[in-house]
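Q: I would like to see how this sequence folds:
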Amino acid sequence: MKALLLFVLFLNGFTSSLIAQKSCASFIYKQNETRNNPALVKSENQLLARAGSGIDITGVTTEGNPTSTIITIPVVVHVLYHSPDQKISDAVIIEQLKTLNQAFRHQNADSVNTPAVFKSLAADCEIQFKLAISDPRKRATTGIVKKYTPVSGWEQNDKMKFSSEMGDDAWDPKSYLNIWVCNLVDFAGYSSFVGSAENKDGLVIGFGAFGAGGKTIVHEAGHWLNLKHLWGDENCGDDAVGDTPKQASYTAGCPSGVRITCGNSPTGDMYSNYMDFTDDACTNLFTYGQKARMRALFVPGGARYALLSSKGLDLPLIAEIPLPEEDPKWLEPRLYPVPATTQMTLDLSYDVRWLGKNIQIMNVQGIMVMNVTITNKVQSIDISRLKPGMYFLVTKKDDGETFKQKFIKM
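A: Residues are numbered from 1 along each chain as shown. Now for the predicted structure:
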């Protein structure tokens, strides 16, 4: 009983620490998803069982690993911006993908900082990522979608992955890695897991963690390719990779020297591994065992095998790139004309979440005199039967946002 209590206290403290650090939310995300849909666990296990046949995913501990074909993954980046400063440039996205590729190909300049005891384990994963040049309809694309959203902040609930929720729909995950960049609240990023629903498959990275040199995307791409945190998300847990030492928990900051936990002497924790929580400046390797585990997804029948046949990097059939969406000319509902005589217009075109909601018109005594259901983004309101005077138009969305404006009926 005492041991169980200690474990519960550890888990609670561990989860609280994750939230406080505003770091990776993938473990918590997976817990929530599988709790709500236990069938996902079965789906994940089936896919991993297929991927594991004939490949040692427990780890290769020497540099004698046979040369493999380089796997190239087409990428689409969905930028969901609420304010103009969040509409990040293509150059920022290209630099971020450069960091991602350097990490997976072990070409990053800071790889020289890998502790000597782990240098022989540092692998070129022979996996690379490129912006798509052909979209699912075989039209030319930059691989970058920039879309205004009225949502100012996002939780780890996947709503950013759906246009119906003011996000942006995933491109076919059998052909593309979807990366959503948005104002993610509380965490730096999270990833879907093997077996997730296809329309939720991909990475989500917050604006604060996205950019040149940022390695949150490397960590989350590792999760997307079936890597666990080094501590297996429990005290001295198992990450299912043979050449990463056991360690008690995540590493904060940027340590140096040997950090012994879980009896992992003499090497200590591999805190320079991308799957720890060490500061970006101090992470610099994947191991051969992690490489084998990731690449196992691309064998025939593997969870990511279909990506090898993607047309996302083929020349498009239609050369013309679709025009980008126009930025909204205003960010709040507009009511006009004011004053009015018989007809008013409520323009809600910037946010379709108002559709289906009720408009209440109140007089100065606070008595409702009209009730209208919003059926169009630009809604006409007949006020011809109202007596001349001052009124208030009030409506409210499901997320609690309200719109209230006074007007004069002539």
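
Q: got a list of what the most centrally placed residue in the chain touches?
A: The chain has Val204 as the residue nearest its centroid, 0.8 Å off, counting by CA atoms, centre = their mean. If you count contacts by CB atoms under 8 Å, 6 or more residues apart in numbering, Val204 has them with 154, 156, 158, 160-161, 179-180, 182, 184, 189-191, 220. Glycine gets a C-beta too; all of them are placed from N, C-alpha and C.

Q: burial of the residue nearest to Leu297 when sequence neighbours are not counted, as a residue count?
A: Of all residues not flanking Leu297 in the chain, Arg304 sits nearest, at 4.0 Å (CB to CB, 6 or more residues apart in numbering). The tally of other residues near Arg304 (other CB atoms under 10 Å) stands at 25.

Q: Run a quick neighbour tally on Lys98.
A: 15.

Q: which strands and helices sit next to the host helix or strand of it?
A: For Lys98, the element it lies in under DSSP states H and E is helix 90-104. Where contact means 3 or more CB pairs under 8 Å, 6 or more residues apart in numbering; DSSP states H and E, helix 90-104 is packed against strand 71-81, strand 127-131, helix 216-224.

Q: avg pLDDT for it?
A: Average pLDDT, helix 90-104: 97.

Q: returning to that earlier point: just give me the closest of the contacts of Val204 to Val92.
A: Ile179 (12.8 Å; CB to CB).

Q: Show me what the helix or strand hosting the closest one is packed against.
A: Using DSSP H and E, the element containing Ile179 is strand 177-182. If you count contacts as 3+ CB pairs under 8 Å, 6+ apart, strand 177-182 packs onto strand 71-81, strand 203-206, helix 216-224.

Q: Just the residues contacting it, thanks.
A: 73-80, 88, 93, 129, 149, 154, 160-161, 167-168, 170-171, 201-207, 210, 217, 221, 224, 307.

Q: and the nearest residue to Asp169 once chain neighbours are set aside, how many residues sit next to it?
A: Among residues not flanking Asp169 along the chain, Ser163 sits closest, at 4.9 Å (CB to CB, 6+ apart). Counted with other CB under 10 Å, the neighbours of Ser163 add up to 11.

Q: which regions of the stretch 201-350 of the chain lie under the pLDDT threshold?
A: Counting by pLDDT under 70, the stretch 201-350 of the chain contains low-confidence ranges at 329-331.

Q: orientation of the helix holding Lys98 relative to strand 177-182 in degrees?
A: 130 degrees (axes from the mean of the first three to the mean of the last three CA atoms, to 10 degrees).

Q: Give me the buried stretch members for helix 90-104, please.
A: Within helix 90-104, the residues that qualify as buried by neighbour count (16 or more other CB atoms under 10 Å) are Ile93, Gln96, Leu97, Thr99, Leu100, Asn101, Gln102, Ala103, Phe104.

Q: can I assume the third one is in contact with Ala132?
A: No: checked against CB atoms under 8 Å, the pair Leu97 and Ala132 is beyond contact range at 11.5 Å.

Q: picking that back up, for the helix holding Lys98, C-alpha coordinates in PDB please.
A: Output of helix 90-104 as PDB, limited to C-alpha atoms (Å, rounded to 0.1, in the frame of the first residue of the first chain):
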ATOM      1  CA  ASP A  90       7.800  31.100 -45.000                       C
ATOM      2  CA  ALA A  91      11.400  31.700 -44.100                       C
ATOM      3  CA  VAL A  92      10.800  30.900 -40.500                       C
ATOM      4  CA  ILE A  93       9.100  27.600 -41.500                       C
ATOM      5  CA  ILE A  94      11.900  26.700 -43.800                       C
ATOM      6  CA  GLU A  95      14.500  27.300 -41.100                       C
ATOM      7  CA  GLN A  96      12.500  25.200 -38.600                       C
ATOM      8  CA  LEU A  97      12.400  22.300 -41.000                       C
ATOM      9  CA  LYS A  98      16.200  22.700 -41.500                       C
ATOM     10  CA  THR A  99      16.600  22.200 -37.700                       C
ATOM     11  CA  LEU A 100      14.400  19.200 -37.900                       C
ATOM     12  CA  ASN A 101      16.400  17.600 -40.700                       C
ATOM     13  CA  GLN A 102      19.700  18.300 -39.200                       C
ATOM     14  CA  ALA A 103      18.600  16.600 -36.000                       C
ATOM     15  CA  PHE A 104      17.300  13.500 -37.800                       C
END
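
Q: Just the residues contacting that helix, thanks.
A: Contacts to helix 90-104, defined as CB under 8 Å, 6+ apart, come from residues 75, 77, 79, 107-109, 125, 127-131, 142, 144, 181, 210-215, 217-218, 221, 274, 284, 286.

Q: Break down the chain into its helices, ranges please.
A: Here the chain has its helices, by DSSP state H, at 2-21, 26-36, 39-52, 90-104, 216-224, 288-295.

Q: Can you give me the end-to-end span of stretch 162-173?
A: End-to-end distance for stretch 162-173, by CA to CA, to the nearest Å: 14 Å.

Q: tell me, how many neighbours does Arg198 end up with?
A: That one is not Arg; residue 198 is Glu. Neighbours of Glu198 (other CB under 10 Å): 11.

Q: From Cys262, how far out is it?
A: 37 Å (CB to CB, to the nearest Å).

Q: which non-adjacent residue is nearest the residue nearest to the centre of the chain?
A: Trp180 (4.8 Å).

Q: what's the answer for Cys282, then?
A: Excluding its sequence neighbours, the residue lying closest to Cys282 (CB to CB, 6+ apart) is Cys254, at 4.0 Å.

Q: ranges for the strands of this structure?
A: Secondary structure of the chain (DSSP state E): strands located at 71-81, 127-131, 144-148, 177-182, 189-191, 203-206, 334-336, 343-347, 358-363, 368-373, 378-382, 389-396, 402-409.

Q: out of those strands, which comes closest to Lys311?
A: Nearest of the strands of the chain to Lys311, taken as CB to CB: strand 71-81 at 8.4 Å.

Q: Using PDB, write out the CA atom coordinates for the closest one.
A: These are the backbone C-alpha positions of strand 71-81, laid out as PDB (Å, rounded to 0.1, in the frame of the first residue of the first chain):
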ATOM      1  CA  ILE A  71      13.100   8.000 -46.000                       C
ATOM      2  CA  THR A  72      11.700  11.300 -47.200                       C
ATOM      3  CA  ILE A  73       8.400  12.500 -45.600                       C
ATOM      4  CA  PRO A  74       6.300  15.200 -47.300                       C
ATOM      5  CA  VAL A  75       5.200  17.900 -44.900                       C
ATOM      6  CA  VAL A  76       2.300  20.400 -44.800                       C
ATOM      7  CA  VAL A  77       2.500  23.200 -42.200                       C
ATOM      8  CA  HIS A  78      -0.900  24.700 -41.100                       C
ATOM      9  CA  VAL A  79      -0.300  28.100 -39.600                       C
ATOM     10  CA  LEU A  80      -3.400  29.300 -37.600                       C
ATOM     11  CA  TYR A  81      -2.900  33.000 -36.800                       C
END
